[in-house]
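K.L.:
quick one, fold the following:
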Amino acid sequence: MTGAVERPVKVVQFGEGNFLRGFVDYMIDIANEKGVFDGSVVLVKPIPFGNLEAFHQQQCQYTVSLRGIVDGEAQVLNRRITSVADAVDCYEEYDKYMALAELDTLRFVVSNTTEAGIVYDETDSFEAKPPKSFPGKLTQFLYHRFETFQGAMDKGLIMLPVELIDDNGIMLKKCVLQLAQGWQLGEAFLQWLEEACVFTSTLVDRIITGYPRDNEQAEWEQLGYEDRCLVTGEPFALWVIESDKDISQELPLPRAGLPVIYTDNQKPYKQRKVRILNGAHTSFVLASYLAGNDYVKESMEDELICQFMMDTLFGEVIPTLTLPKAELEEFAQAVITRFNNPYVKHALLAISLNSVSKWRARCMPSFLGYVEQQGSLPTHLTFSLSALMAFYSSQELRQDALVGYRNGQEYRIQDDRAVLEFFRDYSDKDELTFVKAFLSREDFFGQDLNQIDGLTEAVAGYLAEIKTMGMREALCKNFSK
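P.N.:
Prediction:
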C-alpha cells in the first residue's frame, strides 16, 4: 500500500472493529476524496485485550470490499481507505491517548462499544488510567479537553455513538453527566457539557460481513496486495443522525453523495427499519424454513415465499407507516435487493432466535395498525403468527432449547425460558386451546390478543392447515395467485 495521507485529526473513534471501519471511516474517506471534509480519524482500542499490530504494519490503511447487487448486477466494489491516521491503545498508550483531547482540530467522537458499552458504572474511577467503562473514559477525556482549553465554548465535541440501543446519544449523555456529578468535576464542566458539546442519537444500517478468514489468500490475490485489515460488507448503507443542533455543515456527508440523513427526530426512520427490514425477516423466515429453505436468498428465489414477503410489506406493513409512501416503497425495494445479495449467506435459523419477542417488536405494531386502519385482519401477518406457532411446536425441551423437526431432521428453537416452557406444555393441545393460551400471554405480547375480533379462530385455522397439509401446501392454498 502507498503512504498515508496527511490530514488534520478531526475524529477520535472508540472502537477499531469491522463495522466502524466499513461504515463510518469508509464514509469519511469518500467525503475527503470529494473535498467536503478534509479530516482524519484516530482509532482508540477501548478494551484491554487485543492488539493494534496489523494496523500499524499497514500504516492504518485497509480495503473495504462491498459485495452485492448494484444497478441490477452483482458487483464487488473495492476501496482503499486512507482516512485513518493512527490507532492507539488507551491502556498501553494512555498519555498518547489523552493527548488527543488536546488537539485543536478535534471535533467528533465516534463510538461502537457494543450495546453493553453505554452503561453507568458507579464503581468507575476518575483517577484510573483509563476508567474501565466507555462513559467513564469519555467523561475523563472530555474533562481533560475542558481543562486544556480553559472551558472554551468552541472546543466542545460532537458525539456520534452508533451502539445499537434506542436513543444511544441520550443514554450516553445521561451516563456522562452522572459520572461528572459523582466525580464532582464542577458546575462549570457540567455547563460546558450541556452547552459546548453535542450528543447525537444515531441509527445505522449496513451488513458488515467482516474479514474473509476462510479465503484470505484468494482475496489478496484479487486485490494484488496483502491486507490483514480487509473489511467486507454490503453496498447498502444508511446513517440517520438526530441532533438538537444542526451539525450538517460541519460533517457534510450528504454533499459527498453519502446516505446520511440529518433530522431532529429519527423515530420514523427507526420505525421504518424495524417494521420493513426486520419485520419482513420475522414475518417470512419461519414459514420459509418449514417450507424447505435454509437461507434468505434461497427464500427470495422461492416464488411462493418471495410473493408472500412482498405482499406482506406492500399490502400490510407500508400502509401503517407515517413517512411518505414513495420513500417507504423505495426503502422496501432496497430491502428486497439486500435479501437477494449473492455474497451474503444469511441462515434462517440464525434469524429465528427469540422470534416471539421479535414478532411483538417488529410485526405486532404493523398488525395492530392495520386492524385499526382497515377494520379487518391482515392475512399475511396473521399467517406469520400461525407459522411461528408451527415452528415452535415441540414437547422436547433439552437444556436451553426446544427441538423441532423438519422432514425428520432436528432443528433448535431458542428463546426465553418462559416461551420454551409454554410451547413444551401446550404444543400437543388442540389448535383452539393452544392458540387461545398463546394469544392470552400478556407477558409475551403486552396484551391479550384474543380480544381482537376473529384473530383466535384465524390463527387456529391456519395452524391446523399447516399441521395437516404442510407449510408449502398451506401457503399455496391461502396465498398462491
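
K.L.:
going by C-alpha atoms from here, please, whenever you check contacts or count neighbours.
P.N.:
Fine.

K.L.:
let's verify Arg79: helix, strand, or coil?
P.N.:
When the structure is reduced to helix, strand and coil (DSSP: H, G, I helix; E, B strand; the rest coil), Arg79 reads as strand.

K.L.:
what about it, how many residues nearby?
P.N.:
Residues lying near Arg79 (other CA atoms under 10 Å) number 13.

K.L.:
right, and it touches Ser65 too?
P.N.:
Yes: here Arg79 reaches Ser65: they are 6.4 Å apart, a contact under CA atoms under 8 Å.

K.L.:
which stretches of the stretch 151-300 of the chain form strands?
P.N.:
Per DSSP state E, counting those that start in this stretch, the stretch 151-300 of the chain carries strands over the ranges 158-161, 198-199, 201-205, 208-210, 231-233, 238-242, 260-263.

K.L.:
partners of the fifth one in the sheet?
P.N.:
Counting by DSSP bridges, the strands paired with strand 231-233 are strand 62-70 (parallel), strand 208-210 (antiparallel).

K.L.:
so what's Val260 bridging to?
P.N.:
Applying DSSP bridges to Val260 yields these beta-bridge partners: Trp239.

K.L.:
ok, it - contacts?
P.N.:
Shown in contact with Val260 (CA atoms under 8 Å, 6 or more residues apart in numbering): 238-241, 253-254.

K.L.:
equivalent analysis for Val335, please.
P.N.:
When contacts are counted by CA under 8 Å, 6+ apart, Val335 touches 276-277.

K.L.:
output the host helix or strand of it as CSV, nothing but the C-alphas.
P.N.:
Assignment of secondary structure by DSSP states H and E places Val335 within helix 325-339. The C-alpha trace of helix 325-339 is given here as CSV (Å, rounded to 0.1, in the frame of the first residue of the first chain):
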residue,chain,number,x,y,z
LYS,A,325,-45.3,6.2,0.7
ALA,A,326,-42.8,6.7,-2.2
GLU,A,327,-39.9,6.8,0.4
LEU,A,328,-41.2,3.7,2.2
GLU,A,329,-41.6,1.8,-1.1
GLU,A,330,-38.1,2.8,-2.2
PHE,A,331,-36.7,1.5,1.1
ALA,A,332,-38.7,-1.7,0.7
GLN,A,333,-37.2,-2.3,-2.8
ALA,A,334,-33.7,-1.7,-1.3
VAL,A,335,-34.5,-4.4,1.4
ILE,A,336,-35.6,-6.9,-1.3
THR,A,337,-32.3,-6.2,-3.2
ARG,A,338,-30.4,-6.8,0.0
PHE,A,339,-32.2,-10.1,0.6
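
K.L.:
so which bits of it are buried?
P.N.:
Neighbour-count burial for helix 325-339 flags 328, 331-332, 335-339 (criterion: 16 or more other CA atoms under 10 Å).

K.L.:
okay, the angle between it and strand 62-70?
P.N.:
Comparing the axes of helix 325-339 and strand 62-70 via axes from the mean of the first three to the mean of the last three CA atoms, to 10 degrees yields an angle of 110 degrees.

K.L.:
can you name the next helix or strand after helix 325-339?
P.N.:
helix 348-351.

K.L.:
ok, residues contacting that next one?
P.N.:
Helix 348-351 has contacts (CA under 8 Å, 6+ apart) with 281-282, 285-286, 289, 293-296.

K.L.:
just put those in JSON lines and tack on pLDDT, neighbour count and distance to Lys358.
P.N.:
Supplementary listing: those in JSON lines, determined by pLDDT from 0 to 100; neighbours: other CA atoms under 10 Å; distance: CA to CA, whole Å:
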{"residue": "His281", "pLDDT": "95", "neighbour count": "22", "distance to Lys358": "10"}
{"residue": "Thr282", "pLDDT": "96", "neighbour count": "29", "distance to Lys358": "7"}
{"residue": "Val285", "pLDDT": "97", "neighbour count": "28", "distance to Lys358": "12"}
{"residue": "Leu286", "pLDDT": "98", "neighbour count": "27", "distance to Lys358": "12"}
{"residue": "Tyr289", "pLDDT": "98", "neighbour count": "22", "distance to Lys358": "17"}
{"residue": "Asn293", "pLDDT": "98", "neighbour count": "20", "distance to Lys358": "20"}
{"residue": "Asp294", "pLDDT": "97", "neighbour count": "19", "distance to Lys358": "19"}
{"residue": "Tyr295", "pLDDT": "97", "neighbour count": "20", "distance to Lys358": "18"}
{"residue": "Val296", "pLDDT": "97", "neighbour count": "26", "distance to Lys358": "17"}
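
K.L.:
just give me the closest of those residues to Pro324.
P.N.:
Within the contacts of helix 348-351, proximity to Pro324 (CA to CA) peaks at His281, which comes in at 22.3 Å.

K.L.:
quick check: the closest one vs Leu348, distance?
P.N.:
His281 sits 9 Å away from Leu348 when distances are taken as CA to CA, to the nearest Å.

K.L.:
right, and Phe445 touches Lys358 too?
P.N.:
No: if you go by CA under 8 Å, Phe445 and Lys358 don't touch, sitting 10.3 Å apart.

K.L.:
send the alpha carbons of stretch 258-271 over as CSV?
P.N.:
Coordinates of the C-alpha atoms in stretch 258-271 are reproduced here as CSV (Å, rounded to 0.1, in the frame of the first residue of the first chain):
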residue,chain,number,x,y,z
LEU,A,258,-23.5,9.6,1.0
PRO,A,259,-26.7,8.0,2.5
VAL,A,260,-26.7,10.2,5.6
ILE,A,261,-29.9,11.9,6.9
TYR,A,262,-29.8,14.7,9.5
THR,A,263,-33.0,15.1,11.5
ASP,A,264,-34.4,16.3,14.8
ASN,A,265,-36.4,13.0,15.0
GLN,A,266,-35.0,9.7,14.0
LYS,A,267,-38.0,7.7,15.2
PRO,A,268,-39.9,7.4,11.9
TYR,A,269,-36.6,6.0,10.3
LYS,A,270,-36.2,3.6,13.2
GLN,A,271,-39.8,2.5,12.8
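
K.L.:
in it, what's buried?
P.N.:
Applying a neighbour-count criterion of 16+ other CA under 10 Å, the buried positions in stretch 258-271 are 258, 260-263, 266, 269-271.

K.L.:
please list only the buried members of the contacts of Val260.
P.N.:
239-241, 253-254.

K.L.:
of those residues, closest to Lys436?
P.N.:
Nearest to Lys436 among the buried ones among the contacts of Val260: Val240, at 40.4 Å, using CA to CA.

K.L.:
and Ile413, its phi and psi?
P.N.:
With angles defined as degrees, to the nearest 10, Ile413 sits at phi -110, psi 110.

K.L.:
any idea how far Ala101 is from it?
P.N.:
Following CA to CA, the distance that separates Ile413 from Ala101 is 48 Å.

K.L.:
neighbour count: the two, which is higher?
P.N.:
When Ile413 and Ala101 are compared for neighbours, Ala101 comes out ahead with 24 against 21, by other CA under 10 Å.

K.L.:
which ones are touching the nearest residue in space to that one that is not next to it in sequence?
P.N.:
With CA to CA, 6 or more residues apart in numbering as the criterion, Ala101 has its nearest non-adjacent residue at 5.0 Å, and that residue is Arg145. Residues near Arg145 by CA under 8 Å, 6+ apart: 101-102, 155.

K.L.:
so where is this structure shaky, pLDDT-wise?
P.N.:
Across the chain, residues meeting the criterion (pLDDT under 70) sit at 1-4.

K.L.:
how is it divided into domains?
P.N.:
Structural domains of the chain, as assigned by automatic domain parsing, span the residue ranges 9-263, 267-479.
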